[in-house]
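Chemist: Structure, please.
(one chain, ligands or ions: 1)
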Amino acid sequence: MSSTKTIGIIGGGQLGQMMAISAIYMGHKVITLNPASDCPSSRVSEVIAAPYDDVDALRQLADHCDVLTYEFENVDADGLDAVIKDGQLPQGTELLRISQNRIFEKDFLSNKAQVTVAPYKVVTSSLDLEDIDLSKNYVLKTATGGYDGHGQKVITSAEDLEEANALANSAECVLEEFVNFDLEISVIVSGNGKDVTVFPVQENIHRNNILSKTIVPARISDRLADRAKAIAVKIAEQLNLSGTLCVEMFATADDIIVNEIAPRPHNSGHYSIEACDFSQFDTHILGVLGAPLPAINLHEPAVMLNVLGQHVEAAERYVTENPSAHLHMYGKLEAKHNRKMGHVTLFSNEPDNVVEFGKGIDF
Ligand code: AMP
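Modeler: Modelled structure (predicted):
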């Protein structure tokens with residue numbers, strides 16, 4: 001049997017594009033499914049241009065590919081179940097269902113994987129908010145459909161309840177206790193269905209709920225870093241993980257609390273393309289193909305800066321002044337405000353001196 005495969009990726013954005021580039025290096029062929037035919041992955045793969053919930057298009061993709069994967073978690077799991085052949089989607093649709101719904105996700109994390117999450121309860125209407133103890137702070141999050149802080153309401157006093165009640169009556173939610181974290185961190189872990197490999201701990205700085213800067217290694221103690229990696233591995237093992245998963249966590253002074261999981265390569269892992277001996281995209285492709293996984297080494301401390309639509313000129317200027325910085329542009333045709341257009345990775349031992357694009361201008 002040929003070791004060259006045709007890999008089908010659902011989603012042709014930057015994550016699909018970077019997965020495809022890794023796959024092509026390894027000699028595979030890639031087809032992506034994306035509503036727009038001029039998407040980022042079109043530069044490096046064939047594209048089937050159709051909506052993600054188009055079952056005929058999913059079937060066409062499945063018929064032409066040995067292995068399927070996805071670049072985002074809001075894929076129609078039922079549609080996929082209807083078209084995939086045995087073993088064709090090594091990540092499975094169960095992981096999709098868990099990460100599409102915060103109620104399933106919290107239940108999986110706390111009861112199955114048995115890792116620490118913020119104390120939470122399921123909220124099905126505003127009645128469930130009537131007896132909450134307002135001496136504590138909370139975040140109310142819709143169970144499905146939320147992203148980048150949308151579908152969330154922080155509750156710090158009775159004044160926040162009107163909006164929170166409206167949110168609770170509009171959709172099923174989870175109510176989490178607010179975590180007074182020191183740092184937001186994440187860990188990338190990849191599996192091949194048997195073994196896992198884990199990346200260094202990443203420190204993440206968000207602006208307007210969008211990732212702005214990632215610093216690796218995260219500035220936490222070795223003890224907490226080991227704990228964060230062990231948590232990511234525990235989750236991956238519980239899932240019999242295939243491919244790459246990102247575990248987002250909060251680091252407090254003496255504990256690690258899991259926030260959420262994303263069953264795919266993640267923006268906070270982009271630094272690994274240059275800063276590690278294998279990238280999160282390489283291990284994703286190896287993992288979904290069931291190939292042996294390498295141990296991951298960080299060459300040098302690194303910083304990744306996101307380039308949003310309003311930062312493109314600043315980023316281009318930056319790399320002409322700092323030619324050892326690696327500029328990645330995803331080939332998106334229109335630079336909209338807050339749209340992720342690219343990123344820059346550089347090696348630095350002084351992450352605080354690496355200034356985010358647009359700092360003080362656009363945030
Ligand atoms: P999420 O959509 O769950 O990733 O949340 C978006 C952002 O809201 C996170 O990156 C945190 O900055 C913040 N956040 C979410 N949940 C909590 C929490 N329980 N306590 C404190 N901050 C939170």
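Chemist: Just list the residues touching the residue nearest the centre of the chain, thanks.
Modeler: The residue lying closest to the centre of the chain (C-alpha atoms, centre = their mean) is His266, at 3.4 Å. Under the criterion of C-beta atoms under 8 Å, 6 or more residues apart in numbering, the contact list for His266 reads Ser186, Ile188, Thr244, Cys246, Gln280. All C-beta spots, glycine's among them, are computed from the backbone N, C-alpha and C.
Chemist: By neighbours, which of those wins?
Modeler: Neighbour counts for those (other C-beta atoms under 10 Å) peak at Thr244, which has 33 neighbours.
Chemist: Pull out the C-alpha coordinates of the lowest-mean-pLDDT helix or strand in the chain and format them as PDB.
Modeler: When each helix and strand of the chain is scored by mean pLDDT, DSSP states H and E, helix 77-83 comes last, with a mean of 92. Provided in PDB are the C-alpha atoms of helix 77-83 (Å, rounded to 0.1, in the frame of the first residue of the first chain):
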ATOM      1  CA  ALA A  77     -21.200  15.900  13.100                       C
ATOM      2  CA  ASP A  78     -24.400  14.200  11.900                       C
ATOM      3  CA  GLY A  79     -23.600  15.100   8.300                       C
ATOM      4  CA  LEU A  80     -20.100  13.600   8.700                       C
ATOM      5  CA  ASP A  81     -21.400  10.500  10.400                       C
ATOM      6  CA  ALA A  82     -23.700  10.000   7.400                       C
ATOM      7  CA  VAL A  83     -20.800  10.000   4.900                       C
END
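Chemist: Which strands or helices does that helix pack on?
Modeler: Judged by 3 or more C-beta pairs under 8 Å, 6 or more residues apart in numbering; DSSP states H and E, the packing partners of helix 77-83 are helix 55-64, helix 94-100.
Chemist: and Leu224, what is it in contact with?
Modeler: With contact set as C-beta under 8 Å, 6+ apart, Leu224 has these partners: Ala251, Asp254, Asp255, Ile256.
Chemist: Show me the beta-bridge partners of the first one.
Modeler: Looking back up the chat, that one is Ala251. Per DSSP bridges, the residues bridged to Ala251 are Leu183, Ile256.
Chemist: Could you report the neighbour count for it?
Modeler: By the criterion of other C-beta under 10 Å, Ala251 has 24 neighbours.
Chemist: And the next helix or strand past the strand or helix carrying Ile24?
Modeler: Per DSSP states H and E: Ile24 is located in helix 14-25. Once helix 14-25 ends, the next helix or strand along the chain (criterion: DSSP H and E) is strand 29-34.
Chemist: now what about that following strand, what contacts it?
Modeler: With C-beta under 8 Å, 6+ apart as the criterion, strand 29-34 contacts 4-13, 16, 19-20, 23-24, 39, 41-42, 44-50, 52, 57-58, 61, 64-65.
Chemist: what about it, distance to the chain center?
Modeler: Taking C-alpha atoms, centre = their mean, to the nearest Å, one finds strand 29-34 lying 20 Å from the centre of the chain it belongs to.
Chemist: Longest helix of this structure, counting residues only.
Modeler: Counting by DSSP state H, the longest helix found in the chain is helix 222-239.
Chemist: list the buried ones in that helix?
Modeler: Under the neighbour-count criterion of 16 or more other C-beta atoms under 10 Å, helix 222-239 has Leu224, Ala225, Arg227, Ala228, Lys229, Ile231, Ala232, Val233, Lys234, Ile235, Ala236, Leu239 buried.
Chemist: which one of the contacts of Leu224 is nearest the ligand?
Modeler: Nearest to the ligand out of the contacts of Leu224 is Ala251 (C-beta to the nearest ligand atom; 12.0 Å).
Chemist: related to what we said a few turns ago, what is the orientation angle of the helix holding Ile24 with strand 29-34?
Modeler: Per axes from the mean of the first three to the mean of the last three C-alpha atoms, to 10 degrees, the angle that helix 14-25 makes with strand 29-34 is 170 degrees.
Chemist: who in the stretch 51-200 of the chain is up against the ligand?
Modeler: Residues of the stretch 51-200 of the chain lying near the ligand by C-beta under 6 Å from any ligand atom: Ala118, Val139, Gly146, Gly149, Glu176, Phe178, Val179, Glu184.
Chemist: Just the buried ones out of those residues, please.
Modeler: Those of these that meet the buried threshold are Ala118, Val139, Glu176, Val179, Glu184, by 16+ other C-beta under 10 Å.
Chemist: quick one: which two of these are the most distant?
Modeler: Glu176 and Glu184 (14.4 Å; C-beta to C-beta).
Chemist: Please, where are all the strands along the stretch 251-363 of the chain?
Modeler: For the stretch 251-363 of the chain, strands defined by DSSP state E, counting those that start in this stretch occupy the ranges 256-262, 302-308, 326-329, 340-347.
Chemist: could you dump the ones you listed to a markdown table with mean neighbour count, mean pLDDT and distance to Glu130?
Modeler: Shown next, in a markdown table, are the strands of the stretch 251-363 of the chain (neighbours: other C-beta atoms under 10 Å; pLDDT from 0 to 100; distance: least, C-beta to C-beta, whole Å):
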| stretch | mean neighbour count | mean pLDDT | distance to Glu130 |
| --- | --- | --- | --- |
| strand 256-262 | 21 | 97 | 26 |
| strand 302-308 | 26 | 98 | 40 |
| strand 326-329 | 18 | 98 | 49 |
| strand 340-347 | 21 | 98 | 40 |
